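K.L.:
Fold the following for me, if possible:
(2 chains)
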Amino acid sequence: MSAVTAEHEHDDHHDHGPEKGLLRWVITTNHKDIGTLYLLFALAMFFVGGIMALVIRAELFEPGMQFVSPQFFNSMTTMHALVMVFGAVMPAFVGFANWQIPLMIGAPDMALPRMNNMSFWMLVGGVLLLASTLFMEGGAPASGWTLYPPLVLQTGAALPFAIFSVHMLGISSIMGAINIIATIFNMRAPKMTLMKMPLFVWTWLITAFLLIAIMPVFAGAVTMLLTDRFFDTSFFNAAGGGDPVLYQHIFWFFGHPEVYVMILPTFGVASTIIPVFARKPLFGYSSMVYATAAIAFLSFIVWAHHMFTVGMPMAGELYFMYATMLIAIPTGVKIFNWTATMWRGSMTFETPMLFSIAFVVLFTMGGFTGLMMSMAPIDFQYHDTYFIVAHFHYTLVPASVFILMAGGYFWLPKWTGNMYDEKLGKLHFWLSAVSVNILFFPQHFLGLAGMPRRIPDYAVQFADWNMVSSVGAFIFGFSQLLFLYIVIHTIKGGTGEKVSDEVWEDAHKHGLEWTLPSPVPYHTFATPPDKIPTEHF
Amino acid sequence: MNVDLEQRNKKTVRALVILVFVMFLFAVALIPLYDILCEITGINGKTKQESAVLDYKIDTQREITLEFITSLGAGTDLAFKADKYEIKVHPGEVVTMSFTASNKTDQRMTAKANPSVTPGPSVGYVKNTECFCFDTQVFEAGETKHLEVQLVINPTLPEHYKRLTFGLTFFDTTN
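P.N.:
Residues are numbered from 1 along each chain as shown, chains lettered A, B, ... in the order given. Got it, this is the predicted structure:
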């Protein structure tokens, strides 16, 4: 798209632009092309996962069984989670990483371009394999995305396919992570020292290490599920001396860092956008870096707070409770730093900034409910209710997803050279920001009142708030079609306004990418830049 | 791409791939580590599966209610029950409990029972001196067996425990 125009303009003096035709997108090793592929794939999966969410909310609109069978309902909650986590949010951030990391550190491309291509197509294969389970005998996995045995072992023909798909997604993530680390370690412009890297690059560096540490553990756990089912092992089977709780420990050793894989790059993008629109350097750059590292470290030692009710000894409950509460400290540092960055800044409220401010506010709310649940005795009431559903959706939707939108609005003009429609962007923001709260806020009340999660039908006293939540869900879901329209419209020419090289006022002080022409040429930084922006210190 | 950079990339990738394998092995190592940890700390309801030499003083001042519950693993076609559901014992006293299990199928069945004690933290105080659950049991078609468990409660069991539950779950292990 952007690259196509670039090719036409520079045809005479560029000897290798992109390939012609559709094959370009299959065999490309260009970080920008692969970034685009990741982002478009993530956007498509965002809608697939979204449709599943709407099936769930439609069924829960009223008490009683309306549209789907309980089995299919449970498949929907499971698949919605897996598709959104592995198909939408993670690939979208890998897409940003592919586009932005080389531009931000002054590198010509990613360190391992062929592996980059392979990890994208592996992802597509993994997600298609996962989607194919919907059509298998016995239905798609319906055990929740945590795949707890013994329930998950009752999955029909889909089980081995779901597990292989998890393997493929894991290998894809690991290859992506290796690529990102190699790029950041070896390909920075000479003056780009580690402590001068933009925060988005820092957060991705740390995220990549998290991925390498946890994905093999998850692969190990699901492989044991596979052997328990087909090769008569008893890792998680009490009959043979195994223990299903062991699976929960292994899963959450992966699962807790995994949720930070989705939130750390979110922090990075927010830290990139807020200073630009506050027209101030980021407050407390080095504390941001250390806070990210601290959160990443803590994520490995708190896993059993997902399992307070399995019957841990008191010492375990206390340890995991206090360790979990510690996370609030580095996260609080970040929230205060973003607030301080905005303090007395000359703020303007373009769409990316609106989404970022909503992120700071709403993510803080998700954080506070997390703090509530970190208290072991209180968690016994909240465990497996809609309260936890509200909590993690607040940290994922108005946080990660809003920041993905913000990043899209922020960088699309740079990538395409076209300006998006600001009015529509703001409309999209307000529709999303209001409806996301109509959708998820009532779920706090439902959870506190005792409505369990992962059920297709519920007692009548929960009816009113479920209806409100479902209305919010449909407004939110359909508002995203507006985003799809805006993205396509921008790629195809946008408002027609010619964007400057820095796009946003004084953005060139904030990052190397804004010193390049708009749209970004197909090949950039063939020779490393000799000056780097220093505004963010 | 220059040679130096290629060398550095190779080095980085090699180190990271090793890390991937180490983490995979770590996941596998968690299995024995978990068992060892549970055994040392006695958490998660795992009783020690061996007969111990016991020399407890019987504490006639205290009386503990001991409940027996029986259950079956999925697809285990046995009739399995405790001959008494509840008894009162003094800590330190060796008690024998009998159970009846019969094979409801017309085929030979091998089965194994798993013991557990609740509440969890009391596990370390309940010693199985003898239990049919130490061995695999073989049932001929339709056979009924009387099975015995001998256990003793450590008199140092904290005061607030008045009632313990001893559970046995039979699993069909024919295949």
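K.L.:
can you count the residues close to A:Glu137?
P.N.:
A:Glu137 has 7 neighbouring residues, counting by other Cβ atoms under 10 Å in any protein chain shown. Heads up, the C-betas are built off the backbone N, CA and C, glycines and all.
K.L.:
Leaving out the residues flanking it, which one is nearest to the residue in the stretch 101-250 of chain A that chain B sits nearest to?
P.N.:
Closest residue of the stretch 101-250 of chain A to chain B, Cβ to the nearest Cβ: A:Gly220 (3.0 Å). With sequence-adjacent residues excluded and distances taken as Cβ to Cβ, 6 or more residues apart in numbering or on different chains, A:Gly220 is closest to B:Ala27, at 3.0 Å.
K.L.:
Enumerate every residue touching that neighbour.
P.N.:
A:216-221, A:250 (Cβ atoms under 8 Å, 6 or more residues apart in numbering or on different chains).
K.L.:
Now which of those would you call buried?
P.N.:
Buried subset of these (neighbour count, 16 or more other Cβ atoms under 10 Å in any protein chain shown): A:216-221, A:250.
K.L.:
How many neighbouring residues does A:Ile27 have?
P.N.:
Neighbours around A:Ile27, by other Cβ under 10 Å: 11.
K.L.:
Check A:Ala323 too.
P.N.:
17.
K.L.:
Residue 37: which element?
P.N.:
Unless you meant another one, I'm taking chain A. helix A:31-59 (DSSP states H and E).
K.L.:
switch to chain B, that's the one I care about
P.N.:
Here B:Leu37, judged by DSSP H and E, is contained in helix B:3-41.
K.L.:
list the buried ones in that helix?
P.N.:
Under the neighbour-count criterion of 16+ other Cβ under 10 Å, helix B:3-41 has B:8-9, B:12-13, B:16, B:19-20, B:23-24, B:26-28, B:30-31, B:34-35, B:38 buried.
K.L.:
now swap in stretch A:49-67 and tell me
P.N.:
A:49-50, A:52-57, A:59-61.
K.L.:
Repeat that for stretch A:231-239.
P.N.:
In stretch A:231-239, counting by 16+ other Cβ under 10 Å, buried: A:234-239.
K.L.:
related to what we said a few turns ago, the residue of the stretch 101-250 of chain A closest to chain B: which element?
P.N.:
Assigned by DSSP H and E, A:Gly220 belongs to helix A:199-230.
K.L.:
Point out the other helices and strands that whichever helix or strand comes after that helix packs with.
P.N.:
Downstream of helix A:199-230, the first helix or strand assigned by DSSP H and E is helix A:244-278. In terms of contacts (3 or more Cβ pairs under 8 Å, 6 or more residues apart in numbering or on different chains; DSSP states H and E), helix A:244-278 is packed against helix A:90-105, helix A:199-230, helix A:285-298, helix A:328-342, helix A:351-374, helix A:386-395, helix A:402-416, helix B:3-41.
K.L.:
Not counting stretch A:69-79 itself, show me its contacts.
P.N.:
Outside stretch A:69-79, the residues that touch it by Cβ under 8 Å, 6+ apart are A:49, A:52, A:55-56, A:59, A:68, A:130-131, A:133-134, A:139-145, A:453-454, A:456-457.
K.L.:
what about whichever residue of chain B sits closest to chain A, distance to A:Phe218?
P.N.:
Here chain B gets closest to chain A at one residue, B:Ala27, 3.0 Å apart by Cβ to the nearest Cβ. Remark: distance between B:Ala27 and A:Phe218 (Cβ to Cβ, to the nearest Å) = 8 Å.
K.L.:
And B:Leu25, by the same measure?
P.N.:
From B:Leu25 across to A:Phe218, the span is 14 Å (Cβ to Cβ).
K.L.:
Can you name the residues in contact with stretch A:520-537?
P.N.:
Residues external to stretch A:520-537 that are found in contact with it (Cβ under 8 Å, 6+ apart): A:2-3, A:6-7, A:10, A:14, A:16-18, A:30, A:32, A:102-103, A:106-108, A:189-192, A:196, A:198-199, A:275, A:281-282, A:285, A:414-415, A:508-516.
K.L.:
Now stretch A:343-363: buried residues?
P.N.:
Residues A:345, A:350-360, A:362-363 are the ones in stretch A:343-363 that count as buried (16+ other Cβ under 10 Å).
K.L.:
For it, what is the distance to the chain centroid?
P.N.:
Relative to its chain's centre, stretch A:343-363 lies at 19 Å (Cα atoms, centre = their mean, to the nearest Å).
K.L.:
And stretch A:262-278, by the same measure?
P.N.:
Computed by Cα atoms, centre = their mean, the chain-centroid distance of stretch A:262-278 equals 13 Å.
K.L.:
In CSV, list the C-alpha atoms belonging to it.
P.N.:
Output in CSV follows, covering the C-alpha atoms of stretch A:262-278 (Å, rounded to 0.1, in the frame of the first residue of the first chain):
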residue,chain,number,x,y,z
MET,A,262,-0.1,-8.5,26.2
ILE,A,263,0.3,-5.5,28.5
LEU,A,264,4.0,-4.6,28.4
PRO,A,265,4.0,-3.5,24.7
THR,A,266,0.8,-1.6,25.6
PHE,A,267,2.8,0.3,28.1
GLY,A,268,5.4,0.9,25.5
VAL,A,269,3.0,2.4,22.9
ALA,A,270,1.3,4.5,25.5
SER,A,271,4.7,5.9,26.6
THR,A,272,5.4,6.7,22.9
ILE,A,273,2.1,8.5,22.2
ILE,A,274,1.5,10.5,25.4
PRO,A,275,4.7,12.6,25.3
VAL,A,276,4.0,13.6,21.7
PHE,A,277,0.6,15.0,22.4
ALA,A,278,1.6,16.5,25.8
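K.L.:
Nothing else from me, thank you.
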